[in-house]
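1. mind looking at a prediction? Sequence and model below.
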Amino acid sequence: MRLTAELINNSLSYLNPLNERELDLRGHKIPSIENLGVAAKDHESIDFTDNDISVLSNFPLSPRLQTLLCARNRIASIQPSLSKSLPSLNTLVLTQNNLSELADLDPLQGFMKLTHVSLLDNPVTSKEHYRYYVLWRNPRIRFLDFQKVKDAERNKAQELFGTYEQPTELAQSIIAIRSSKSFSAAAPAGDVSGVAKGKGMKITETEKKRFEALVRKAKTLAEVQKLEKMFAEGKLPTEVMGDGDAMDET
């Protein structure tokens, strides 16, 4: 069922036990978030539990929204700029979804007020250093998977992954997995026809390998983000588009 204005208007809106104005959108098999408009701006909490959402995205600017309940969906990715739409978010429940790579959690970094997060029963929780990576991305989190975060964990996270400006080799290898995964999914191999066209562009297998090599060789998080931004805008670095063998893997 699509998330239409009619469905939103017919849904319950009430004060929850935390005295937040909550919009109840549970159990409608909603495949994607759309048409929230004024509804998101008028509520402190939205409950999307038990739907079919695959990407957590497409929120309007909602400075009032503090709690987002999205358990038991199919969420496999989070919009990188989501924090800009939800600047006041402090509680995010993503229990029983499909987040699989540590770097899929990178968008959590942007939430300045996020303190409570649940990622229980996602494939990503079985990854080595999972808890430390989440805390590296957002050290403001105070409760992760309903367990209180300790200062020792935050310190260990920084030890493992460094700083955003100078991430360790371990951090860079994790970031590269997301970049390569996104690149592969968005741009299937094929013939190049002049100018790249965002997600619809076609690339050769050689260009794909060159791009992945560039990501792995990036020395800072900023360099990785720059490469991702170029690709999102439908551009490829000259090292990728060129005919030389400098970036080819041996």
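-> Sure thing, it's come through.

2. for the chain, which spans come out with low pLDDT?
-> Along the chain, segments meeting pLDDT under 70 span 178-203, 219-221, 225, 229, 231-234, 241-250.

3. how about the strands in it?
-> 13-15, 21-24, 45-47, 55-56, 67-69, 77-78, 91-93, 116-118, 143-144, 147-148 (DSSP state E).

4. could those be laid out in JSON lines, adding mean neighbour count and distance to residue 169?
-> Using the backbone N, CA and C atoms, a C-beta is placed for each residue, glycine as well. Compiled in JSON lines, the strands of the chain are given as follows (neighbours: other Cβ atoms under 10 Å; distance: least, Cβ to Cβ, whole Å):
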{"stretch": "strand 13-15", "mean neighbour count": "12", "distance to residue 169": "49"}
{"stretch": "strand 21-24", "mean neighbour count": "18", "distance to residue 169": "44"}
{"stretch": "strand 45-47", "mean neighbour count": "23", "distance to residue 169": "39"}
{"stretch": "strand 55-56", "mean neighbour count": "20", "distance to residue 169": "29"}
{"stretch": "strand 67-69", "mean neighbour count": "21", "distance to residue 169": "34"}
{"stretch": "strand 77-78", "mean neighbour count": "20", "distance to residue 169": "25"}
{"stretch": "strand 91-93", "mean neighbour count": "20", "distance to residue 169": "29"}
{"stretch": "strand 116-118", "mean neighbour count": "20", "distance to residue 169": "26"}
{"stretch": "strand 143-144", "mean neighbour count": "16", "distance to residue 169": "25"}
{"stretch": "strand 147-148", "mean neighbour count": "9", "distance to residue 169": "28"}
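
5. beta partners for the spatially most central residue of the chain?
-> Centroid-nearest residue in the chain, with Cα atoms, centre = their mean: residue 78, separated by 2.9 Å. Beta-bridge partners for residue 78, by DSSP bridges, are residue 56.

6. if we can go back for a sec, using JSON lines, lay out the strands of the chain together with distance to residue 137.
-> Formatted as JSON lines, those follow (distance: least, Cβ to Cβ, whole Å):
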{"stretch": "strand 13-15", "distance to residue 137": "32"}
{"stretch": "strand 21-24", "distance to residue 137": "27"}
{"stretch": "strand 45-47", "distance to residue 137": "23"}
{"stretch": "strand 55-56", "distance to residue 137": "15"}
{"stretch": "strand 67-69", "distance to residue 137": "17"}
{"stretch": "strand 77-78", "distance to residue 137": "11"}
{"stretch": "strand 91-93", "distance to residue 137": "13"}
{"stretch": "strand 116-118", "distance to residue 137": "10"}
{"stretch": "strand 143-144", "distance to residue 137": "11"}
{"stretch": "strand 147-148", "distance to residue 137": "17"}
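
7. out of these, which is closest to residue 204?
-> Distance to residue 204, taken as Cβ to Cβ, is lowest for strand 77-78 among those, at 25.4 Å.

8. can you give the contact residues for that closest one?
-> Applying Cβ atoms under 8 Å, 6 or more residues apart in numbering, the contact partners of strand 77-78 are 54-57, 99, 104-105, 107-108.
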